[in-house]
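[1] Sharing a model that was predicted from the sequence below.
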Amino acid sequence: MIGLVLCGGESKRMGRDKGLILSGKKTWAGVIAEKIQSAGISTYISVNADSSKAYRKFFSDEVLIVDDLSIPVRGPLTGILAAHRHFPDEDILVIACDMQNMTADIIQKLLVACREFPGYNVYLFSRENEPEPLCAVYTSGCLSDVLNKFIEGDRLRFSMKSVLAGYELFIIPIEATEFGHFDNFNSPDDLSRN
């Protein structure tokens, strides 16, 4: 398994690249990467081509995975499938860079589910029956199938929720006390909540 910090978004509401926002002396991407690495997982940073130069100021080329524009998708799926092409035999633990309240304990809960309940395609959390697809483990077999469907033109919708349809999901309900760990910080106003 590898870890993937998703940073490739346009960040229109934030007005700047969220993965490069500093929290102390660390970028948001670096904060999430460290949380994943604390579980002993090699971790990579998903970026788009336009922002890759800026990320090279903080991360080595070896850990950056630049979006593969030959894959006919958009959104977070672009980064996930680009990582799958780099590591086709690896399951991928995905966490969005703007989930700054994510904890190592939550990540461990996800990894324990993968070990104890093998055979599912995707392992993810659900908040009040809504899936959290950007804090999840996607198996290599599932990602291979998704990639092939897009290449063959079988799938036309790029939303993560739409992609999850039709796969075996292991869903972990989020307890009310854990809701805040899954918050996304999408705008400057959201930063005041942190």
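    Here it is on my side, so go on.
[2] use CA for all of it now, contacts and neighbours both
    Fine.
[3] Quick check: which ranges of this protein have low pLDDT?
    8-16, 155-157, 185-194 (pLDDT under 70).
[4] show me where it has strands.
    Using DSSP state E, the strands assigned to the chain run over residues 2-6, 22-23, 26-27, 43-47, 64-66, 92-96, 122-127, 130-138, 169-173.
[5] Give me the sheet partners of the fourth one and which way each runs.
    For strand 43-47, sheet partners with direction are given as strand 2-6 (parallel), strand 64-66 (parallel), following DSSP bridges.
[6] Deepest-packed of those, please.
    The highest mean neighbour count among those, using mean count of other C-alpha atoms under 10 Å, belongs to strand 2-6: a mean of 27.
[7] hmm, back to that, closest to Leu111 out of the strands paired with strand 43-47?
    Leu111 sits nearest to strand 2-6 of all the strands paired with strand 43-47, at 11.2 Å, using C-alpha to C-alpha.
[8] For the closest one, which outside residues touch it?
    With C-alpha atoms under 8 Å, 6 or more residues apart in numbering as the test, strand 2-6 has contacts from 29, 32-33, 36-37, 41-47, 76, 79-80, 83, 90-97.
[9] Using ChimeraX, define a selection of the buried residues within the residues you listed.
    To isolate the buried members of those in ChimeraX, using 16 or more other C-alpha atoms under 10 Å:
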select :29,32,33,36,37,41,43,44,45,46,47,76,79,80,83,90,91,92,93,94,95,96,97
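[10] now the strands of the chain in TSV, with distance to Met160?
    Output for those, formatted as TSV (distance: least, C-alpha to C-alpha, whole Å):
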stretch	distance to Met160
strand 2-6	13
strand 22-23	27
strand 26-27	25
strand 43-47	16
strand 64-66	19
strand 92-96	12
strand 122-127	12
strand 130-138	6
strand 169-173	13
